[in-house]
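Trainee: Give me a 3D structure for the following:
(chains A and B)
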Amino acid sequence: MTMVFGIPIQALLGQLLVGLINGSFYALLSLGLAVIFGLLRVINFAHGAQYMLGAFVALLALKWAGVPYWAALVVAPLVVGGLSALIERTMLSRLYQLDHLYGLLFTFGLALAVEGGFRWYFGASGQPYSPPAALNGGVNLGFMFLPIYRGWVVVFSLIICLAVWALIEKTQLGAKLRAATENPTLVQSFGINVPLLLTMTYALGAGLAAIAGVLAAPIYQVSPLMGSNIIIVVFAVVVVGGMGSIMGAIVTGYMLGVAEGLTKVFYPEASNIVIFVIMAIVLILRPAGLFGKEA
Amino acid sequence: MNKLLGGVAAAALMTTAAQAEISDGKVKIGILNDQSGVYADFGGTGSVEAARMAVEDFGGTVLDMPIEIVSADHQNKADIASNIARQWYDTEQVDAVMELTTSSVALAVQALSQEKKKINLVTGAATTDLTGEQCSPYGFHWAYDTHALAVGTGGALVEQGGDSWFFLTADYAFGYSLEENTANIVKERGGSVAGAVKHPLATNDFSSFLLQAQSSGAKVIGLANAGMDTQNAIKQAAEFGITQGGQKMAALLFTLAEVHGLGLQTAQGLTLTESFYWDRTDESREFGNRYKERTGAMPNMIQAGTYSGVLHYLKAIEAAGTDETEAVAAKMHELPVSDLFAENGKVAPNGRMISDVYLMQVKTPEDSTGEWDYYDVLATIPGDDAYMDPAASGCPLVE
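Mentor: Residues are numbered from 1 along each chain as shown, chains lettered A, B, ... in the order given. As a prediction, the model looks like this:
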C-alpha cells in the first residue's frame, strides 16, 4: 500500500474528499458573509442564526405542510431572505451611518435572541431530517464510501457559489450594486433605488445562509445551536480570504475545509483550532487577507 | 466537671430533639444543572420538575415544615456553578444541592459542599471520582457513572462477539474516563482495543473520525462522548455505511432523551445502558405518564434518578428528625433505597448509590408501538456488578 507521511494513500484521499465536503459549507456561508460585508459594510453576526433558520424552515415545512426537500431548497431561502429583508428595512438600515460596531452588536444580539427562543421552544437536542430518497445510499469509490448526499452537497454548493460570483462580478445588476457601495449618492442621482439594492443584498446573503442550512439538515441534527457552532469558523474563513472579497471567500472556504480535514488525520486534537492558526499566520503576513485588496 | 459538662450537653441535646429541628423553618433543595446548553434535554428543567414531583409525592412537608425546590442554570461552567451554590448555602438557606450535570461542575460543587458541611447529591454527572478519591462524607452519587456504563455496554458487547474496539473520545476529562473504564472492561473480558481518536467537544462533522474508525477494522466503534456529539456521530455513521459494513456502534452514554432526538430510524439497533426505563414496571409506567403530562416527554435515568434522590433525602430527614447535615447523611447511608427508580438500592460508604442497571437495545420503527416505546431490555446487570467495589474505589472514607 502506498503511504504518505505514514498514512495510507486511500485514507488520505478519503480525508481530502471529506474536507472538500465540509469546505462546501464554509464556502457557502462565508460567501454570504462576504457579500453582506463587501456591499453593506455590515459584519453580520446573525449569519449562524440565519443558517439555523434555513434548516428549521426545511424541517417545519416538512412536518407541518409536507413540503419536500427539493421545494425546501427554494422555500427556505425565500422565507429567511424575506424575514431578513424586513429586519434590514426596519432596523439594520438605521445603523448604516454609525460605526461598524453597531451593526455587529445589533446582529449579534439578534442571533442570541433568535437562538435562545428556538432553544426554549424546541430544546437543545435537535431533531432529525431525512435526506430525499433520490439521494439516499452511497457509492464505493474504492478508497472510501461516498454518501451520494454528500456528493450532491459539493456539486450544488459549487454551482451556487459560482452563480453568485457571476451575478455580482459579471452582470449589470452586480455592477450597480458595486457602484452603490462606492458612491451611494452618485448612484442614487442616476435614478437607482440604492436602499432597495442594499435590502436585496442583505436578503441574498441571508438566503445563502438558509440554503446552507437546508443542505446541512440531513447531515447534522437540526438544532438551535447548529449555527453558533459554525459561525466563528466561518468568520475566520472570511478573514483569511480577505474581508469583502467574493472569490476569496469561496476559494478559502474549500481550502480551509481541506486543511481541517487533513488535521483530523495527523493531529485530531488540533482540528478545531487549525483554522485559527492559519488565520493568525495570514493576518501577520498579509493583513488584508489572501485575496483582499489593501485598503 | 466532666459530669457537669456532660449534663449540659445532654440537656442541650434534649431541647434540640424536642423541637424536631429544621433550620430556618423549611427544607430547601437546590437543583443546579444545564438548562440551556448541550445537556439541557439530558437533565435540564425535566430534572427540576421531577424534583417537584418527589416533594409532592412525599406530601409537601417534612416534620411539619414546608419543602421548597429552587433551581438554576450553571451553563456547564464549574465557576458559575460554585458561585451559585455558595450563594445558595450562604445567604439563601439552601440545605442540599442536587443533579449537577457535567463532571467538572459536580466535582467543584461537591468540594464546596463538603467545606460548607452541606449535602450534595449528583445524578447528572458521570465521573467515578465523585465516589473515588474526591468522595465526601456528605456527597452522594445516584443513577449512573462511567464504570456502570462501561460494564453495561462494554461487557455485553464483548460477550456478543464484539471483541475489538475503536474509540471516538470527547477530548476532556469525562471522555477519557469513559474510554479508560470501557477499555479496561473490554480487555478484562478478553477483547482488544484497535485504536482511539480524540475529537474536540461539540464537533459538527465526524466523517474524518468515522473513516479512521472504519479503516481500523474494529468490530465495535465505542462513542465515549455525550449529547449532540454522540447524536451526530451515530447519524453520520449510518450515512457512511459503517453499520451496513458490519461494524457496531456503541453509544456509551446515551439516554431516552437523545434517542428521541435522533429518531428510531437512525437510532435503531443501538445498544446502551441506563439505570431506568419508564416502561419496565407498573410504578415506573405510572411515574412516566405523570411526568409526561407535566413536561411533554418521558423521563430518562437522570430525571427519574433526581426524583429518587430528592425522595431519599426527605425520607432521611424524617428518619433523623432533623435537617442537620451530619445526622441526615448518616440516615441516607443507612436507609435502603426502595422506590420506583430502584427496588433494591443501597448507599455505599463512599456515597455511591448501588442499584441495578439495564442493558437496552433501541427498537426498530416497526417494532415500536407508541411514541415513547423505544427500548427492549436485553439484560439486568446487578448493581454490585455494575458499580465499582467501594473498597477499590480509592475513597478514603471506605475502611
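Trainee: What residues does residue 207 make contact with?
Mentor: Just going to use chain A. Counting by Cβ atoms under 8 Å, 6 or more residues apart in numbering or on different chains, A:Gly207 makes contact with A:Gly32, A:Pro77, A:Leu78, A:Val80, A:Gly81, A:Ser84. Just so you know, the C-beta spots here come from the backbone N, C-alpha and C atoms, and that holds for glycine as well.
Trainee: nope, chain B
Mentor: By Cβ under 8 Å, 6+ apart, the contact set of B:Ser207 is A:Val18, A:Ile21, A:Asn22, A:Arg150, B:Gln236, B:Phe240.
Trainee: mind listing the helices for the stretch 151-300 of chain B?
Mentor: Per DSSP state H, counting those that start in this stretch, the stretch 151-300 of chain B carries helices over the ranges B:156-159, B:173-188, B:207-216, B:227-239, B:256-262, B:264-267, B:282-295.
Trainee: low pLDDT regions in chain A?
Mentor: Judged by pLDDT under 70, chain A has its weakly predicted residues at A:1-7, A:125, A:293-295.
Trainee: now the helices for it?
Mentor: Using DSSP state H, the helices of chain A run over A:9-40, A:47-65, A:69-90, A:100-122, A:148-170, A:172-182, A:184-189, A:194-216, A:226-241, A:246-266, A:274-285.
Trainee: what comes up buried for the fifth one?
Mentor: This means helix A:148-170. Residues of helix A:148-170 classed as buried by neighbour count (16 or more other Cβ atoms under 10 Å in any protein chain shown): A:149-154, A:157-158, A:160-161, A:164-165, A:168.
Trainee: ok, and which of those residues reach chain B?
Mentor: Counting by Cβ under 8 Å from any Cβ of the partner chain, A:Tyr149, A:Arg150 from the buried residues of helix A:148-170 sit close to chain B.
Trainee: now for the buried residues of helix A:148-170, which pair is the farthest apart?
Mentor: A:Tyr149 and A:Ile168 (28.7 Å; Cβ to Cβ).
Trainee: Around chain B, which positions in the stretch 101-250 of chain A sit nearby?
Mentor: With Cβ under 8 Å from any Cβ as the criterion, the stretch 101-250 of chain A meets chain B at residues A:116, A:119, A:123-128, A:130, A:138, A:144-145, A:147, A:149-150, A:219-221, A:223, A:225-226, A:229-230.
Trainee: out of the helices of the stretch 151-300 of chain B, which comes closest to B:Gln75?
Mentor: Using Cβ to Cβ, the nearest of the helices of the stretch 151-300 of chain B to B:Gln75 is helix B:227-239, at 14.2 Å.
Trainee: Tell me which other helices or strands that closest one touches.
Mentor: Contacts defined by 3 or more Cβ pairs under 8 Å, 6 or more residues apart in numbering or on different chains; DSSP states H and E place helix B:227-239 against helix B:207-216, strand B:220-224, strand B:248-251, helix B:256-262, helix B:264-267.
Trainee: Tell me what angle that helix forms with helix B:173-188.
Mentor: 50 degrees (axes from the mean of the first three to the mean of the last three Cα atoms, to 10 degrees).
Trainee: how about the residues of the stretch 201-350 of chain B that lie near chain A?
Mentor: For the stretch 201-350 of chain B, the contact set with chain A under Cβ under 8 Å from any Cβ comprises B:202-205, B:207-209, B:211-212, B:214-215, B:227-228, B:231-232, B:235-236, B:239-241, B:245, B:257-258, B:260-263, B:265-266.
Trainee: Skip the chain neighbours and tell me the closest residue to A:Ala11.
Mentor: B:Ser215 (5.6 Å; Cβ to Cβ, 6 or more residues apart in numbering or on different chains).
Trainee: same question, A:Ala27
Mentor: Counting by Cβ to Cβ, 6+ apart, the residue nearest A:Ala27 is A:Gly253, at 2.9 Å.
Trainee: who touches residue 256 in this structure?
Mentor: By default, I'm working from chain A. Contact analysis of A:Leu256 by Cβ under 8 Å, 6+ apart lists A:Gly23, A:Tyr26, A:Val233, A:Ala236, A:Val237, A:Val240, A:Ile275, A:Ile278.
Trainee: Oops, wrong one, chain B.
Mentor: Neighbouring residues of B:Leu256 by Cβ under 8 Å, 6+ apart: B:Glu274, B:Tyr277, B:Trp278, B:Met298, B:Pro299, B:Asn300, B:Met301, B:Trp372, B:Tyr374, B:Tyr375.
Trainee: now do 7 Å
Mentor: Taking Cβ atoms under 7 Å, 6 or more residues apart in numbering or on different chains as the criterion, B:Leu256 is in contact with B:Met298, B:Asn300, B:Tyr374.
Trainee: A:Pro195 too?
Mentor: Shown in contact with A:Pro195 (Cβ under 7 Å, 6+ apart): A:Ser93.
Trainee: Ok, the one 3 residues further on next?
Mentor: Taking Cβ under 7 Å, 6+ apart, we find A:Leu198 in contact with A:Leu40.
Trainee: Same check on B:Gly44?
Mentor: So, once contact is read as Cβ under 7 Å, 6+ apart, B:Gly44 ends up touching B:Asn33, B:Asp34, B:Gln35.
Trainee: most surrounded residue in those?
Mentor: Counting neighbours by other Cβ atoms under 10 Å in any protein chain shown, B:Asn33 comes out on top of the contacts of B:Gly44 with 33 neighbours.
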